[in-house]
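**Q** sequence plus the predicted model coming up.
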Amino acid sequence: MSEQEYVPKSKAGKWFNDRLPLLSLGAHLADYPTPKNLNYWWTFGGILTFCLITQIVTGIVLAMHYVAHADLAFESVEKIMRDVNYGWLIRYIHSNGASMFFLAVYIHIFRSLFFGSFKSPRELIWIIGMLIYILMMAAAFMGYVLPWGQMSFWGATVITNLFSAIPLVGESVVTWLWGGYSVDNPTLTRFFSLHYLIPFLILGLVVLHIWALHIPGNNNPVGIDIKKPSKDTVPFHPYITIKDIFALLMFMIVFAGFVFFSPNVLGHADNYIPANPLVTPAHIVPEWYLLPFYAILRSVPDKLGGVILMFGALFVLVILPWLDTNKVRSAVFRPMYRQFFWIFVVDVLALGYLGAMPADGIYLFLARVATIYYFLHFIVVLPALGFFEKTDPLPASISEPVLTGGFSTVPARSDKIINEKK
Amino acid sequence: MSKQEDKKDRRDFLFTASYTVGAVGIGATIWPFIHQMNPDESVKALATTEVDISQVEPGKSITVLWRGKPIFIKRRTSEEIQEAQSVNLKDLPDPQRDEDRVKDGKNEWLVMVGVCTHLGCVPLKDKGEFNGWFCPCHGSHYDISGRVRKGPAPKNMEIPDYKFVDNNTIKIG
């Protein structure tokens, strides 16, 4: 990195930095040249870091009071809610925090899709991000099992049974996952162990995600390569830190709104009934953030086919940098992709809605249409656009569209500050 | 010039105000995470224990559990009481009269937390050089009033809050 020249002022600082260049790292993070036109969609990286830390801190606290045993788990969660000092608050932050985490990650992903942040040279950032997303889903699913309510138990049963679709070894794999012949205490204890582990794997991947980001630097709303540092960049601190903090505060208002005013609106009432292996709830649905994939799973009439398509829906996301062959990153300069992007957003939202509806009649039909379109978008539309789409001319630099005054998606504010300084 | 200085003052005020609000907010957020480790109301509700002492013969003792700790309840013989009262306070590392360690008129009953004040082990009864208790962990000797006489323990064994509900029942806590 370019900050090798950084020399601490104090003697002690120099002594330390020569042995462990943490101060150089800090200087790199503070001075890190950031495109000056980043909009508020770019604040979700910081928000996601906050979400991860919140989940880890509240999770560690909950683990102090939670008992991972089929006979005691439900009671221990109730004890957290009723007896433990502020236990209700900490558990509601954790359970709603999962939803907030996914809300932020979906905005973060769609931002990347719109502005082409996944394209060369940022493919690895994207792939690491997708691994984080997949781990998040695993962590969220296992965490949902831990209270050992009806939805926990039957959610665990349904999701683990997905693996029984594997030809020949499916049944043995499921038995292995369960540690028995049904979801029971061994399943719960291993889920607890893995639920505790995964956030730290995510934390490690986040470090790699940011490291990989700091090699090429941020993409930006116009999606062009910029020189760093230059007239087109501002130092990360204080320009981006203050903007990230402001966005985080707005986000926390929404977060707190859920925690304090409707903490159970995103959950299912059935999960306040203790797990009963003899009775399945009438309507079994995953948490909202998994619904699009659930809709894809159910829209296929074949067991194995449904599972393959569901995992395929994630796989096409992972290989996206090689499906979208258009060299222009930002949808701002891609008039056709821009339309298809919004159609895709509607398609995913529709899948989410349909995943929560019963799987028959018109809902099933629409879910099938939406599923087919989901894959068409990745496998047909994106590669085809690479060939046929006529893109708009790109500006030579970030400053250019501002100075010519003809470009609305670039906020002029940070630019003004720079100009005033000169 | 003066206008610029004026601006700086206002900005300083804003900084200070923001930092203050931020610090209060962070403190208010941290508190639940600290307080969750304190005993909750259900634990505090279990903080008293009633004990039936009618079966304890003179010279014998019983041990009951209170807040997860052993409580020694010893019914002392009159010789033992005399022995405890006749000790010269100057010989004690933690001087305390025996009369101050029992209830008035009930001085045959010694009720104390059976935890060594050194590092928390439970002393053995009828052991040690002073006819009282002896801690096997690091060799502290206690007399028949539960006062430390020898060894690394700094203080006498603690007397909990308790009272006689009637002649046969005491309530600890």
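**A** Received the coordinates, thanks.
**Q** so for the residue of chain B found nearest chain A, what's the pLDDT?
**A** At 3.5 Å from chain A, B:Pro32 is the closest residue in chain B, using CB to the nearest CB. Any C-beta I mention is one placed from the backbone N, CA and C, and that applies to glycine too. Looking at B:Pro32, its pLDDT is 96.
**Q** one more: the one 10 residues further on?
**A** B:Ser42 is assigned 85 on the pLDDT scale.
**Q** and it, how far is that from A:Tyr66?
**A** For B:Ser42, the distance to A:Tyr66 equals 16 Å [CB to CB, to the nearest Å].
**Q** also A:Leu382?
**A** Separation of A:Leu382 from A:Tyr66 (CB to CB): 44 Å.
**Q** also A:Val206?
**A** 25 Å.
**Q** contacts only, for the residue nearest to the spatial centre of chain A.
**A** In chain A, the centroid-proximal residue (CA atoms, centre = their mean) is A:Val105; its distance is 2.9 Å. If you count contacts by CB atoms under 8 Å, 6 or more residues apart in numbering or on different chains, A:Val105 has them with A:44, A:48, A:132-133, A:136.
**Q** before we move on, what about A:Phe16?
**A** A:8, A:22-23.
**Q** what residues sit buried inside the strand or helix carrying it?
**A** Following DSSP states H and E, one finds A:Phe16 within helix A:11-19. Buried residues in helix A:11-19, defined by neighbour count with 16 or more other CB atoms under 10 Å in any protein chain shown: A:Asn17.
**Q** what is the mean pLDDT for the helix or strand following that helix?
**A** The first helix or strand that comes after helix A:11-19 along the chain, using DSSP H and E, is helix A:22-31. Mean pLDDT, computed over helix A:22-31, is 94.
**Q** next structured bit after helix A:22-31?
**A** For helix A:22-31, the following helix or strand on the C-terminal side (DSSP H and E) is strand A:33-35.
**Q** neighbouring strands - and their directions - for that following strand?
**A** As defined by DSSP bridges, the strand partners of strand A:33-35 come to strand A:233-235 (antiparallel).
**Q** just the buried positions in the strand it pairs with, please.
**A** Under 16+ other CB under 10 Å, the buried positions of strand A:233-235 are A:233-234.
**Q** what sits up against it?
**A** Contacts for strand A:233-235 (CB under 8 Å, 6+ apart): A:30-36, A:226-227, A:229, A:240, A:414, A:418.
**Q** list the contacts for A:Ser120?
**A** Counting by CB under 8 Å, 6+ apart, A:Ser120 touches A:Pro321.
**Q** again with A:Gly143
**A** Residues in contact with A:Gly143 (CB under 8 Å, 6+ apart) are A:59, A:94, A:98, A:195.
**Q** what residues does chain A put near chain B?
**A** Residues of chain A lying near chain B by CB under 8 Å from any CB of the partner chain: A:57, A:61, A:64-65, A:79, A:83-87, A:89-90.
**Q** now list the buried members of the residues you listed.
**A** For the residues of chain A next to chain B, buried by 16+ other CB under 10 Å: A:57, A:61, A:65, A:79, A:83-87, A:89-90.
**Q** quick check on A:Pro229: phi, psi?
**A** Per-residue torsions, A:Pro229: phi -80, psi 150 (degrees, to the nearest 10).
**Q** identify the residue spatially nearest to it, adjacent ones excluded.
**A** A:Pro33 (3.9 Å; CB to CB, 6 or more residues apart in numbering or on different chains).
**Q** what about that neighbour, how many neighbours?
**A** For A:Pro33, the neighbour count with other CB atoms under 10 Å in any protein chain shown is 18.
**Q** list the beta-bridge partners for it.
**A** Beta-bridge pairing for A:Pro33 (DSSP bridges): A:Pro235.
**Q** re earlier: wait, which of the contacts of A:Val105 is closest to chain B?
**A** A:Leu48 (18.9 Å).
**Q** tell me which residues are up against the helix or strand containing the closest one.
**A** Per DSSP H and E: A:Leu48 is located in helix A:44-65. Contacting residues not belonging to helix A:44-65 are listed as A:76, A:79-80, A:84, A:87, A:90-91, A:93-94, A:97-98, A:100-101, A:104-105, A:107-108, A:111, A:143, A:195-196, A:199-200, A:202-203, A:206, A:244-245, A:247-248, A:251, B:33, B:36-37 [CB under 8 Å, 6+ apart].
**Q** and B:Thr169, how far from A:Asn17?
**A** Remark: distance between B:Thr169 and A:Asn17 (CB to CB) = 69 Å.
**Q** and what about the residue nearest the centre of chain B, helix, strand or coil?
**A** Among the residues of chain B, the one closest to the centroid is B:Glu158, at 5.4 Å (CA atoms, centre = their mean). At B:Glu158 the chain is in coil, as set by DSSP: H, G, I helix; E, B strand; the rest coil.
**Q** in contact with the closest residue to it other than its chain neighbours, which residues?
**A** Leaving aside its sequence neighbours, B:Glu158 sits nearest to B:Val113 (CB to CB, 6+ apart; 4.3 Å). If you count contacts by CB under 8 Å, 6+ apart, B:Val113 has them with B:66, B:69-72, B:157-160.
**Q** and the residues you listed, which are buried?
**A** Using 16+ other CB under 10 Å as the burial test, those include B:66, B:71-72, B:157, B:159 as buried.
**Q** hmm, which two among those residues are most spread apart?
**A** Pairwise distances across the buried ones among the contacts of B:Val113 (CB to CB) peak at 13.6 Å, for the pair B:Trp66 and B:Met157.
**Q** and chain B, which of its residues are near chain A?
**A** Residues of chain B lying near chain A (CB under 8 Å from any CB): B:32-33, B:35-38, B:40-42.
**Q** can you list the low-confidence ranges for the chain?
**A** Chain wasn't specified; assuming chain A. Counting by pLDDT under 70, chain A has low-confidence residues at A:1-4, A:401-422.
**Q** could you do chain B instead?
**A** The model of chain B has pLDDT under 70 over residues B:1-7.
**Q** what is the biggest helix by length in it packed up against?
**A** For chain B, the longest helix by residue count, based on DSSP state H, is helix B:2-35. Applying 3 or more CB pairs under 8 Å, 6 or more residues apart in numbering or on different chains; DSSP states H and E, we find helix B:2-35 packed against helix A:87-115.
**Q** sticking with the spatially closest residue to A:Asn96 that is not a sequence neighbour, tell me its helix or strand.
**A** Of all residues not flanking A:Asn96 in the chain, A:Phe258 sits nearest, at 4.6 Å (CB to CB, 6+ apart). Using DSSP H and E, A:Phe258 sits in helix A:241-261.
**Q** name the residues of that helix that are buried.
**A** Residues A:243-244, A:247-248, A:251-252, A:255, A:258-259 are the ones in helix A:241-261 that count as buried (16+ other CB under 10 Å).
**Q** which ones are touching the closest residue to chain B within the stretch 1-150 of chain A?
**A** Using CB to the nearest CB, A:Tyr86 is the residue of the stretch 1-150 of chain A that sits closest to chain B, at 3.5 Å. Neighbour list for A:Tyr86: B:32-33, B:35-36 [criterion: CB under 8 Å, 6+ apart].
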